[in-house]
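> fold the following for me, if possible:
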Amino acid sequence: MSAEIASTSLLDHVAETGFRASVITTYSCYFPFYEEVVLRRLMAAGCTHNVLMVDATRCAEAFAIEELRPRRAGRDYTLIPVKVGGAFHPKLFLRFGKSKGSLLVGSHNMTLSGFGLNDEVTNVFRLEGAAL
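Predicted structure coming up:
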């Protein structure tokens, strides 16, 4: 059996049009990267209802440092710190459109490293032609 490895940029997925809403879950988040790169691309592609769910402990760590704090949360997207018994660790990127949806499941955090500098694994699932 042979294995084929496809290389795809997560940022290409972010810029894909036809989606109205997104839900992203992550363990750690570099908010300047999310807000200035990912969120801008989502919104430019017409995805204007965006939710970001981040591990509560990691989120609190970002709030403690002025340069790392989210600036656009509550205005341009919904930020949900998630507190669980251990770490909140899922990495999902779910998008909904009028007639399509997509789900990316992978090992990438919402950081520059997770979106391009590290070798990460991502599975892509698509639904097209259905009323969502």
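
> ok, which stretches of this protein are helices?
Along the chain, counting by DSSP state H, helices occupy 10-14, 31-33, 39-44, 56-63.

> what average pLDDT does the shortest one get?
In other words, helix 31-33. Averaging pLDDT along helix 31-33 yields 97.

> what does that helix contact?
For helix 31-33, the surrounding residues in contact (Cβ atoms under 8 Å, 6 or more residues apart in numbering) are 62, 67, 68, 69, 70, 71, 73, 110, 111, 112, 115. C-betas here are computed from N, CA, C, even on glycine.

> now the strands for the protein?
21-26, 49-55, 78-82, 92-96, 100-106, 122-128 (DSSP state E).

> which of these sits closest to residue 9?
Counting by Cβ to Cβ, residue 9 lies closest to strand 122-128 out of the strands of the chain; the figure is 10.0 Å.

> for that closest one, buried residues please.
Within strand 122-128, the residues that count as buried by 16 or more other Cβ atoms under 10 Å are residue 122.

> same check on stretch 43-59?
43, 45, 47, 50, 52, 53, 54, 55, 57, 58, 59.

> got the contact list for it?
Identification of contacts with stretch 43-59 by Cβ under 8 Å, 6+ apart yields 14-29, 34, 39, 42, 73, 76-83, 87-89, 95, 110.

> buried subset of those residues as a ChimeraX selection?
Command for ChimeraX, covering only those of those found buried under the criterion 16+ other Cβ under 10 Å:
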select :14,16,18,19,21,22,23,24,25,26,27,28,29,34,39,42,73,77,79,81,82,88,95,110
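
> spatially, which two of the contacts of helix 31-33 are the most separated?
Taking Cβ to Cβ, no two of the contacts of helix 31-33 sit farther apart than 69 and 115, at 20.0 Å.
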